[in-house]
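Peer 1: Quick one, fold the following:
(2 chains)
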2 protein chains.
Amino acid sequence: MSGPSIVRTQILPVDRPFKFESGGILPRIEIAYETYGRLSEHKDNAILIEHALSGDAHAAFYHEGDKKPGWWDCMVGSGKAFDTDRYFVICSNILGGCKGTTGPASINPDTGKPFGLTFPPVSVRDMVEAQRILLKSFQIEKLKCIAGGSMGGMQAMQFFCDYPSQFESFISIASAIKHSAQQIAFNEVGRRAVMADPRWNDGNYYDGIAPEGGLSVARMIGHITYISEKMMQEKFGRLKKDRDSRAIFRPSFEVEHYLDYQGISFVKRFDANSYLYITNAVDNFDLMASISAKERFRGQGRERGMNIGELRSKKGLVISFTSDWLYPSSQSKDIVRLFTALNVQVSYTDIATEHGHDAFLTDYEKPSEIIRGFLASLG
Amino acid sequence: MSGPSIVRTQILPVDRPFKFESGGILPRIEIAYETYGRLSEHKDNAILIEHALSGDAHAAFYHEGDKKPGWWDCMVGSGKAFDTDRYFVICSNILGGCKGTTGPASINPDTGKPFGLTFPPVSVRDMVEAQRILLKSFQIEKLKCIAGGSMGGMQAMQFFCDYPSQFESFISIASAIKHSAQQIAFNEVGRRAVMADPRWNDGNYYDGIAPEGGLSVARMIGHITYISEKMMQEKFGRLKKDRDSRAIFRPSFEVEHYLDYQGISFVKRFDANSYLYITNAVDNFDLMASISAKERFRGQGRERGMNIGELRSKKGLVISFTSDWLYPSSQSKDIVRLFTALNVQVSYTDIATEHGHDAFLTDYEKPSEIIRGFLASLG
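Peer 2: Okay, the predicted model is just below:
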């Protein structure tokens, strides 16, 4: 194949009510998705990729005319970890997001205005249920694998546990079965930053200027936690870009310029209410609690309900990064413990890197090798 | 002595121009200070205590009618680490602060209005120079020790290096000779949070409502960094105070309530512009650079100018805390290396604690023992 692979984001309209775990109901939703590679005749080569907080359906390849490819193009493509010559890879934007799938910025058909805070609270399980509708539209019964990093790993584990018959395996990268107090704390400060911005206006800002100041501060906090202290030091140290001491509260250190840039570029592409909904979903994610709750409901006529026996022949791959202090390796070890107890055959590797949490997006060589081998080991 | 010791904050008016390192000049300043214990006849038992970012002159004892004592009452008092039965302890509010010493919220006599951003940029050296004026008013030629934690340690080291003949020793607790990129990054996000608040209004908010939303977010970020991940987990975990899932963006986790409380209580007692000035001072603090610059000026008729030889007979005590990830032990080891190279006799101890950076305020037993011994070892 010559030249870059071109892809378009597609929309699946779902013209029936979608019920949220919180009880809220939307009369219809839309799901934005992309696919890479070809679905085999027997429909047995599909892999579902889950994106993290600020990701979208555009995991790989190029949009027509774009200079940058999708967010996981280093991992998804011909000859890459998720090899599109062999696998049919699907990625969709999460429910509650702002990249094509229905979320708080979408128009409420009842009012003709954006939902804002009338959008129902979203859970990781809700995100998974929306993806289940997407998979049904492909008439795929069983996927080779479901994989994701960070919040993507949470979705992968939730989907895998909720519908074990639908997957041969899962891959969790730099993720957790639940947030620690510190992870909740960082997200809470981000939410407070958005909500302290008067332009947020209780979520009703779509007619005017978005709460860009607050959202940008939230993103800056995130970026500190995404890279390791050591890498930040090596990259920026105490280098100064601007030595004008009169401008004392303007960025002068290079690390300040970097964070400012990250904040500003984020507000151009992300909806502040989606940020609140999604961080709320991950803070409230608790895989063990959700499995236990479902076990209690088993046999009571509910469609969902895990059969632990079904997990017995499954495989899991857990990857963490030594310098990731936001999702530390100890949390990946908790994942290994839980799935091993659930009779899943789990492989675990703690990859030495200085890239911190961002390694799942930026330091792809070692993970690629491991993922390639893991996928090849499947039936 | 029975009953709590009562103390009052006093004001030293300085009715002559104060020149800042940045070149700015104020025609007069005021310095707020407190003292504990009695100055000996030979004026040879004085210790200067330096406060951290949000501290003030009220280090110990009680203000009339108060239920809570000063911020370091666990360390300063009769029989305590800084034993007021033996030592005369002085603490003053820093220049640029908002607790009595002249700062951006003080009235500019030329305009009759608060300085706001017309206040000159403050450096750690400026803070120290103001304290030097205070010491002169006591006619104390030489102090037993200068001691402080966090930013207080920076002041202690700067003062000690700028005027070595004035001190027998210094104590630095959980401090650094310069901020890392990550430390600058956390401060920068705090500053951005303040400045993104429209009420900040380029520092002109004294007639109206202060930028409480922004300042409170800045303080919340700080509090995450002040305690260890483990302690936060043990204290809060995933406990919920409010299970009302309809109120999705109100604090529900206990750690969220804790941070909210910290943010709200801080804005009641602190000036947002002072926050900007002080964090700017610590980010720009670079002890080695400032010593080198001064060495170059030596003998050029300047009053300041370190004589490295004068440090030879001095002693230093450096304390860090194993779980302090904001000012990690590696930074205290850098302090030890620098002062050892400067011929100071340095003792260093890395105290095992889960209190994180806050240990210098909250986990006082082990540091007290060490400081008591260190002070006793002095001439």
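Peer 1: can you map out the strands along chain A?
Peer 2: A:10-14, A:18-19, A:25-26, A:29-36, A:46-50, A:76-77, A:82-83, A:88-92, A:107-108, A:113-114, A:145-149, A:169-173, A:315-321, A:345-351 (DSSP state E).
Peer 1: and the first one, which residues are buried?
Peer 2: Right, strand A:10-14. A:12, A:14 (16 or more other Cβ atoms under 10 Å in any protein chain shown). Every residue, glycine included, has its C-beta placed from N, CA and C.
Peer 1: Just give the nearest non-adjacent residue to the residue nearest in space to the middle of chain A, would you?
Peer 2: The geometric centre of chain A, computed from its C-alpha atoms, lies nearest to residue A:52 (Cα atoms, centre = their mean), at 2.0 Å. Counting by Cβ to Cβ, 6 or more residues apart in numbering or on different chains, residue A:52 lies nearest to residue A:150, which is 4.0 Å off, once chain neighbours are set aside.
Peer 1: where's the one you found relative to residue B:114, distance?
Peer 2: 45 Å (Cβ to Cβ, to the nearest Å).
Peer 1: which of those two has more neighbours?
Peer 2: Each of residue A:150 and residue B:114 has its neighbours counted (other Cβ atoms under 10 Å in any protein chain shown); residue A:150 has more, 27 against 20.
Peer 1: Please name the residues that touch that one.
Peer 2: A:52, A:53, A:173, A:174, A:175, A:327, A:357, A:360 (Cβ atoms under 8 Å, 6 or more residues apart in numbering or on different chains).
Peer 1: picking that back up, from residue B:287, how far out is the residue nearest to residue A:52?
Peer 2: 38 Å.
Peer 1: same deal with residue A:316?
Peer 2: Distance of residue A:316 to residue B:287, given as Cβ to Cβ: 50 Å.
Peer 1: if you count what's nearby, which of these two comes out ahead?
Peer 2: residue A:316 (26 against 22).
Peer 1: The more buried one and residue A:347 touch, don't they?
Peer 2: Yes - with contact defined as Cβ atoms under 8 Å, residue A:316 reaches residue A:347; the gap is 7.2 Å.
Peer 1: which sections of the stretch 51-200 of chain A are below the confidence cut-off?
Peer 2: Nowhere does the stretch 51-200 of chain A drop to pLDDT under 70.
Peer 1: ok, which residues in it are in contact with chain B?
Peer 2: Contact residues, the stretch 51-200 of chain A versus chain B (Cβ under 8 Å from any Cβ of the partner chain): A:117, A:121, A:178-182, A:184-186, A:188-189, A:191-193, A:195-198.
Peer 1: Of those, grab the buried ones for PyMOL.
Peer 2: For the buried members of these, the matching PyMOL selection, counting by 16+ other Cβ under 10 Å, is:
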select buried, chain A and resi 121+178+179+180+181+182+184+185+186+188+189+191+192+193+195+196+197
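Peer 1: Of the residues of the stretch 51-200 of chain A next to chain B, which belong to helices?
Peer 2: A:181, A:182, A:184, A:185, A:186, A:188, A:189, A:191, A:192, A:193, A:195, A:196 (DSSP state H).
Peer 1: Next up, the contacts around the last one.
Peer 2: Contacts were defined as Cβ under 8 Å, 6+ apart; by that measure residue A:196 touches A:214, B:193, B:197, B:213, B:214, B:216, B:217.
Peer 1: go on, the second one?
Peer 2: Contacts for residue A:182 were tallied using Cβ under 8 Å, 6+ apart; they are B:224, B:229, B:232, B:233, B:255.
Peer 1: swap the cut-off to 6 Å and go again
Peer 2: B:229, B:232 (Cβ atoms under 6 Å, 6 or more residues apart in numbering or on different chains).
Peer 1: pLDDT weak spots in the stretch 201-350 of chain A?
Peer 2: A:242-248, A:294-308.
Peer 1: Tell me the residue of the stretch 51-200 of chain A that sits nearest chain B?
Peer 2: The nearest approach of the stretch 51-200 of chain A to chain B comes at residue A:196, 3.1 Å away (Cβ to the nearest Cβ).
Peer 1: so how far is residue B:220 from that residue?
Peer 2: The gap separating residue A:196 from residue B:220 is 10 Å, by Cβ to Cβ.
Peer 1: Then residue A:218?
Peer 2: Distance of residue A:218 to residue B:220, given as Cβ to Cβ: 12 Å.
Peer 1: now residue A:10
Peer 2: Going from residue A:10 to residue B:220 by Cβ to Cβ gives 41 Å.
Peer 1: Helices along the stretch 101-250 of chain A, start to end?
Peer 2: A:124-137, A:151-162, A:181-196, A:212-226, A:229-235 (DSSP state H, counting those that start in this stretch).
Peer 1: and the shortest one, does that touch chain B?
Peer 2: The reference is to helix A:229-235. Yes - using Cβ under 6 Å from any Cβ of the partner chain, helix A:229-235 reaches chain B at A:229, A:232, A:233.
Peer 1: Nice, that's everything, thank you.
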